[in-house]
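A.B. asks: below are the sequence and a predicted model for it; my questions follow.
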Amino acid sequence: MTIASSRLSRLITIAGVGLTSLFLALPSRAETSPQVETIAQASGKPTIAAIASSNRSFDVFTALVSHAGWTGAFDNPSKSFTVFAPTDDAFGRLPKGTIEQLFKPESRETLYDVLSYHVIGGNVTSGALSNGSVKSKNGLPLEISVGQGVQVNSANVVQADIAASNGVIHVLDKVLIPNR
């Protein structure tokens with residue numbers, strides 16, 4: 001089994017996504033990786049997109065970002081974001097069928113809503129976070145709690161401050177679902 005097929009098999013298992021819908025939803029990594037690597041190499045530090053796509057813990061997140069057409073935004077060195085990125089394990093704890101639903105064309109608005117709830121503008125490290133609310137890119141507040149670690153709503157930041165050329169990634173153990 002190749003590394004690529006092993007990763008695909010793992011993604012299918014974690015996400016509970018049907019094979020057909022997964023192949024329709026995911027672009028080939030061979031098609032997207034060279035562009036990401038070129039931009040990341042040019043800046044001297046990888047972008048958010050390059051970091052996420054190269055880390056096996058973010059396969060589902062990367063696939064959803066790609067499906068939404070946001071890879072370019074997270075690869076843009078002139079923009080700065082703070083991304084609270086859920087791991088594949090976090091996505092695996094969602095109710096069965098949730099991820100598959102997010103890949104459907106009729107769920108595009110929901111996908112944008114969920115993804116943008118994981119992003120704030122600027123480069124905000126864990127040391128700059130404080131107790132209180134911060135506005136996510138979808139307009140809804142995220143409740144930040146600092147103390148013995150950092151929490152975003154009910155999710156724990158399990159790894160903070162992954163520096164990118166265009167922002168920072170904080171790894172979450174839960175998927176943030178906006179309440180509208």
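C.D. replies: Yep, that arrived. Numbering: from 1, shown residues only.
A.B. asks: for the protein, which helix or strand comes out least confident on mean pLDDT?
C.D. replies: In the chain, the helix or strand scored least confidently by mean pLDDT, DSSP states H and E is helix 19-25, which has a mean of 31.
A.B. asks: what ranges do the strands span in this structure?
C.D. replies: 81-86, 119-121, 132-135, 141-147, 149-152, 155-164, 167-172 (DSSP state E).
A.B. asks: list the helices and strands the longest one packs on?
C.D. replies: Strand 155-164 sits against helix 48-54, strand 81-86, strand 149-152, strand 167-172, with contacts defined as 3 or more C-beta pairs under 8 Å, 6 or more residues apart in numbering; DSSP states H and E. Where you see a C-beta, it was placed from the backbone N, CA and C, and this is true even at glycine.
A.B. asks: cool, and the last one?
C.D. replies: If contacts are counted by 3+ C-beta pairs under 8 Å, 6+ apart, strand 167-172 sits against helix 48-54, strand 81-86, strand 149-152, strand 155-164.
A.B. asks: what count of nearby residues applies to Gly72?
C.D. replies: Other residues within reach of Gly72, judged by other C-beta atoms under 10 Å, total 15.
A.B. asks: repeat for Leu94
C.D. replies: Neighbours of Leu94 (other C-beta under 10 Å): 18.
A.B. asks: give the contact list for it.
C.D. replies: If you count contacts by C-beta atoms under 8 Å, 6 or more residues apart in numbering, Leu94 has them with Val175.
A.B. asks: cool, and Leu111?
C.D. replies: Leu64, His67, Ala68, Leu102, Phe103.
A.B. asks: so what's the third one up against?
C.D. replies: If you count contacts by C-beta under 8 Å, 6+ apart, Ala68 has them with Arg108, Leu111, Tyr112, Leu115.
A.B. asks: so Thr82 bridges to which residues?
C.D. replies: Ile120, Val168 (DSSP bridges).
A.B. asks: and it, what's its pLDDT?
C.D. replies: You'll see Thr82 listed with a pLDDT of 98.
A.B. asks: okay but it is in contact with Ala128, surely?
C.D. replies: No: using C-beta atoms under 8 Å, Thr82 is not in contact with Ala128; the gap is 9.2 Å.
A.B. asks: and stretch 90-104, how far apart are its ends?
C.D. replies: Distance between the two ends of stretch 90-104: 20 Å, counting by C-alpha to C-alpha, to the nearest Å.
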